[in-house]
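Trainee: with the input below, show me the fold.
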Amino acid sequence: MEKYDVFISYQHDIADLIETVDMELKKKGINCFRDKKSIKWGDNIIDKINEGLKTADVFLLFINEKFLKSGWTKQETSAALNLYLRNISKKRVLGILLDKAAEEYWFNEPLMEVIQAYRWDEKEEELEEIVIFIKDILNDIQV
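Mentor: Numbering: from 1, shown residues only. Next comes the predicted model:
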């Protein structure tokens with residue numbers, strides 16, 4: 001079973017953006033679970049997603065309007081929140097809010113009050129801040 005530092009949940013309309021995020025995290029030595037990269041042809045999709053969820057310490061939810069309508073991302077979010085609330089291995093859930101629908105969801109969903117969120121306008125300097133923040137969280141968890 002491969003160990004992941006970060007599990008990235010997103011909707012495929014932002015796949016190019018997620019590829020960039022994954023590459024920046026990799027430059028810092030952070031191993032990410034991302035469906036396109038981590039699930040190979042012939043793999044059991046559910047098993048691979050569960051592996052990513054179980055081994056990751058940080059769950060990154062890249063939330064936009066399409067994310068909120070996807071059954072897969074709802075399942076991933078639910079599983080991540082369940083692990084977080086059970087405080088398994090100090091797991092963390094971080095919401096990256098990409099549009100107005102994401103903001104409205106985040107601030108109107110009671111369960112989200114316990115989780116940190118970051119409003120990202122997809123600017124390069126903000127990505128660097130996010131990567132440093134995630135690296136710091138992983139360092140804290142591993143202590």
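Trainee: please count neighbours and contacts with C-alpha atoms only from this point.
Mentor: OK.
Trainee: what residues of the longest helix seen in the chain count as buried?
Mentor: In the chain, taking DSSP state H as the definition, the longest helix is helix 124-142. Of all the residues in helix 124-142, those buried under the rule 16 or more other CA atoms under 10 Å are 127, 130-131, 134-135, 138.
Trainee: so what's the gap between that helix and the chain middle?
Mentor: Its chain's C-alpha centre and that of helix 124-142 lie 13 Å apart, by CA atoms, centre = their mean, to the nearest Å.
Trainee: what does that helix contact?
Mentor: 5, 21, 24-25, 28, 30, 57-58, 89-91, 120 (CA atoms under 8 Å, 6 or more residues apart in numbering).
Trainee: among the residues you listed, which ones are in helices?
Mentor: Those of these lying in helices (DSSP H): 21, 24-25.
Trainee: would TSV of those with distance to residue 64 and pLDDT be doable?
Mentor: As requested, these are arranged in TSV below (distance: CA to CA, whole Å; pLDDT from 0 to 100):
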residue	distance to residue 64	pLDDT
21	16	95
24	21	95
25	21	96
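Trainee: let me know the closest of those residues to residue 70.
Mentor: Closest to residue 70 out of these is residue 21 (20.7 Å), distances taken as CA to CA.
Trainee: okay, now the closest one: neighbour count?
Mentor: A total of 18 residues lie near residue 21 under the criterion other CA atoms under 10 Å.
Trainee: what does the one 5 residues further on give?
Mentor: Neighbour count for residue 26, taken as other CA under 10 Å: 13.
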